[in-house]
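Asker: let me see the structure of the following:
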Amino acid sequence: MKASVTLLLAGSLLLCACEKEVDETRKPLTPSTANLMGKYKITKVMGKQNGSAPVNITESYFPDLCERDDVYGFNNENIYDRTDAGVTCNPPTTITGNWQLLNPTTLVINGEQATIHAWNGKNLELTIDYGGGVQVMFHYIRQ
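Answerer: Residues are numbered from 1 along each chain as shown. So this is what the prediction gives:
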């Protein structure tokens with residue numbers, strides 16, 4: 001019986017240690033120009049209107065399969081680019097522009113203001129308010 005309790009206690013401690021490690025990988029970071037720089041892909045696009053529950057609109061936002069795997073770069077000197085990657089569009093397209101972090105919750109990409117909802121060094125969630133109650137949420141993952 002004593003061996004069973006010891007084994008159970010050791011297993012519980014091991015489980016707690018693993019849970020803490022998982023939580024650390026999800027720990028939010030304060031966005032900065034330096035820690036946002038990098039390459040990303042969009043994993044999904046969610047939309048909502050007039051406070052409704054968000055729905056997945058990835059396929060309607062990017063109707064061409066070749067646009068869904070593009071790489072987005074937040075580069076040095078606030079240069080932004082979107083590069084045709086994976087399935088290539090015909091003709092291939094690269095878009096360049098500027099990006100700027102105005103404050104820890106506001107990112108401007110090519111003149112469009114986005115609200116940063118989550119950032120943990122790997123996952124970035126942005127929302128753009130298009131007016132009229134329409135909001136689009138972009139979920140990026142760092143490459």
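
Asker: C-alpha from now on. contacts and neighbour counts both.
Answerer: Will do.

Asker: pull out the buried positions in the lengthiest strand in the chain.
Answerer: Counting by DSSP state E, the longest strand found in the chain is strand 38-49. Using 16 or more other Cα atoms under 10 Å as the test for burial, strand 38-49 gives Lys39, Tyr40, Lys41, Ile42, Lys44, Val45, Met46, Gly47, Lys48, Gln49.

Asker: Asp70 and Gly86 touch, don't they?
Answerer: Yes - using Cα atoms under 8 Å, Asp70 makes contact with Gly86 at a distance of 7.0 Å.

Asker: between the two, who's got more neighbours?
Answerer: Asp70 (21 against 13; other Cα atoms under 10 Å).

Asker: tell me who's in contact with Val71.
Answerer: Contact partners of Val71, counting by Cα atoms under 8 Å, 6 or more residues apart in numbering, are Lys39, Tyr40, Lys41, Ile42, Arg82, Thr83, Asp84, Ala85.

Asker: distance to Ser32 added to those residues, as TSV?
Answerer: Below are the contacts of Val71 laid out as TSV (distance: Cα to Cα, whole Å):
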residue	distance to Ser32
Lys39	15
Tyr40	16
Lys41	19
Ile42	20
Arg82	20
Thr83	23
Asp84	26
Ala85	26
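
Asker: run a quick neighbour tally on Phe74.
Answerer: 22.

Asker: how close does Leu65 get to Asp84?
Answerer: 11 Å (Cα to Cα, to the nearest Å).
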